[in-house]
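[1] Would you be able to build a 3D model of this:
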Amino acid sequence: YFTGVTLVNTGEAAAPATLEAYAENGELLASVPADIPAGGKYVRLVDQVFGLADPSQIRFLRVSAPEPLIGFELFGSLLNPGMAGLPAFVPAGVPGKSNREMRTLYYGEIPDPSFYYTGVTFSNLGLEPVTARASLHDAAGVALARAEWPVGVRQQITREIWNVFDGTPLANASYLKVQSPAELLGFELYLTRDPGQYPFQFDGLVGQGDGSLRLVFPMAAPADDWTSRLKLVNLAASENALTVRGYPAAGGDGWSWAGSVPASGSLSLTMAELFPGHEAEVAWLAVDGSFRLAGDLFYASPDLTRLGSYAGIAAE
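    The predicted structure is shown next:
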C-alpha cells in the first residue's frame, strides 16, 4: 500500500508545522519540519517525507502547527485498483472539543464477514499506559463479546475486528465500541476478502466519538449507479426516536421516514427502504434524533467494482 498525506494552512500566516512518525509500539521514528505558506497546501507520499530506510515501520503521524490546519490521507493498493481516504483526527484537549472522563469510539460499519475483511485500529494518545475496553454489539444493543487491551503511550493496536476478541466471526455483529480513560485515535478499513474471486473494494471510516443529535449526509449516491445504505448507532442507553429526511437537489420538503433505534442499538436501512419510489430523487439526507447518534452512508455499485462510505456530519 501507498499513503499520501495532505495538509492545508487555513490561517493568515505561514505555518511552521512539525510532522512526527510513530511505530506501532509508540516509538517516535522521525520528526521533520514543513513550512506551509498561508493558504498553501503540503502534499507528500509518507515514504518520501521522513527518509527512513524502512518506511513500513510508520503506523501513524502526528502533525502540529501554530496556525490552523486541515488535513487528510489517501491510501491505496499497489496490487489492486482501489483507493480510500480518511480525514485528520483532532484530539479532545483542543478548543472546541469535549473533555470526558471516559473516551469512547464507535466503529459503525461491519460489512458481511463472509465477503469483507474488516480491520480496526485504536491508538493511545494519552501520556500514560491505559487499558482499553472493547465490546462488540448487535443491532439490539446486546454485547456479543468483550475484551480488554493494555495500550502503551502512542501504541497502536491493529487487528481484524474478530481478533480484537477470540477470533470468531459473528454475522449478527453490528458495531464495535472501544473505551479508554485516555484520548483514543481510531479507524476501520474494510476490503474484499478474496480479491482474486471478486472485484477489489476498499474504504474506511474514522472511529466516531461524540455523535450528534443531528447528522447531515450531503451526498446521496445516485440510485441508478449505486446501492446505498444508511447506518445509525444510538449512543444513548435509552430508545432513540428519530426522523430521516431525504431532499431533492432542487430543494423543497422532500420525503421523511420516522422510527426509533433501541437503547445502545443500531439501525441499517437502504435508500429504497427509507424512501420507496423516491430513492432516485434523493440528493442528500438529514437525520434528527432524540439522543445522540453516530452514522455513516455506505454505498456500492451493482457490479461490486466500486465501494464508498463516509461519516455523517454533526450539524446541531
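
[2] V5 contacts I70, correct?
    No: counting by C-beta atoms under 8 Å, V5 stays clear of I70, with 12.0 Å between them. Just so you know, the C-beta spots here come from the backbone N, C-alpha and C atoms, and that holds for glycine as well.

[3] Tell me where the stretch 151-300 of the chain has strands.
    156-160, 175-180, 184-192, 202-206, 212-217, 227-234, 240-247, 255-261, 266-270, 284-300 (DSSP state E, counting those that start in this stretch).

[4] Tabulate these (a markdown table), appending mean neighbour count and mean pLDDT.
    Formatted as a markdown table, these follow (neighbours: other C-beta atoms under 10 Å; pLDDT from 0 to 100):
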| stretch | mean neighbour count | mean pLDDT |
| --- | --- | --- |
| strand 156-160 | 17 | 96 |
| strand 175-180 | 22 | 97 |
| strand 184-192 | 22 | 92 |
| strand 202-206 | 21 | 93 |
| strand 212-217 | 19 | 96 |
| strand 227-234 | 24 | 95 |
| strand 240-247 | 19 | 97 |
| strand 255-261 | 16 | 97 |
| strand 266-270 | 19 | 96 |
| strand 284-300 | 22 | 96 |
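
[5] Columns distance to G141 on top of the ones you listed, output as CSV?
    Shown next, in CSV, are the strands of the stretch 151-300 of the chain (distance: least, C-beta to C-beta, whole Å):
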stretch, distance to G141
strand 156-160, 23
strand 175-180, 9
strand 184-192, 19
strand 202-206, 20
strand 212-217, 19
strand 227-234, 7
strand 240-247, 10
strand 255-261, 9
strand 266-270, 8
strand 284-300, 13
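
[6] quick one: the residue nearest to L127 when sequence neighbours are not counted from E183, how far?
    Closest residue to L127 apart from its sequence neighbours, by C-beta to C-beta, 6 or more residues apart in numbering: V153 at 6.4 Å. Distance, V153 to E183, using C-beta to C-beta, to the nearest Å: 11 Å.

[7] cool, A173 as well?
    Using C-beta to C-beta, A173 is found at 26 Å from E183.

[8] For W149, give its distance to T243.
    Taking C-beta to C-beta, one finds W149 at 37 Å from T243.

[9] and the helix or strand harbouring L19, what other elements does it pack with?
    According to DSSP states H and E, L19 maps onto strand 15-22. Packing contacts for strand 15-22, counted by 3 or more C-beta pairs under 8 Å, 6 or more residues apart in numbering; DSSP states H and E, involve strand 2-9, strand 28-36, helix 46-49, strand 60-64.

[10] Now render these as CSV, adding mean neighbour count.
    Rendered in CSV, the data for the helices and strands packed on strand 15-22 read as follows (neighbours: other C-beta atoms under 10 Å):
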stretch, mean neighbour count
strand 2-9, 18
strand 28-36, 13
helix 46-49, 16
strand 60-64, 17
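
[11] quick one: which of the ones you listed is nearest A220?
    strand 2-9 (25.7 Å; C-beta to C-beta).

[12] for that closest one, the distance to its chain's centre please.
    Strand 2-9 sits 17 Å away from the centroid of its parent chain (C-alpha atoms, centre = their mean, to the nearest Å).

[13] Can you show me the CA trace of that strand as PDB?
    What follows is strand 2-9, C-alpha atoms only, in PDB (Å, rounded to 0.1, in the frame of the first residue of the first chain):
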ATOM      1  CA  PHE A   2       1.000   3.600  -0.500                       C
ATOM      2  CA  THR A   3      -0.100   6.500   1.700                       C
ATOM      3  CA  GLY A   4      -0.200  10.200   0.800                       C
ATOM      4  CA  VAL A   5      -0.800  13.000   3.300                       C
ATOM      5  CA  THR A   6      -2.200  16.500   2.500                       C
ATOM      6  CA  LEU A   7      -2.100  19.500   4.900                       C
ATOM      7  CA  VAL A   8      -3.800  22.900   4.100                       C
ATOM      8  CA  ASN A   9      -2.900  26.000   6.100                       C
END
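
[14] Within the sheet, what are the partner strands of it, with directions?
    With DSSP bridges as the test, strand 2-9 is paired with strand 41-45 (antiparallel), strand 69-76 (antiparallel).

[15] Mind checking what helix or strand follows the last one in sequence?
    Using DSSP H and E, the helix or strand that directly follows strand 69-76 along the chain is strand 83-87.

[16] what comes up buried for that next one?
    Buried residues in strand 83-87, counted by 16 or more other C-beta atoms under 10 Å: 84, 86.

[17] contacting residues around the next helix or strand after it?
    Using DSSP H and E, the helix or strand that follows strand 83-87 in sequence is strand 103-107. The contact list for strand 103-107 (C-beta atoms under 8 Å, 6 or more residues apart in numbering) reads 92, 120, 122, 161, 175-184, 186, 188, 205, 207-209, 211, 233, 235, 294.

[18] switch the cut-off to 7 Å
    92, 120, 122, 175-180, 182-184, 186, 188, 207-209, 233, 294 (C-beta atoms under 7 Å, 6 or more residues apart in numbering).
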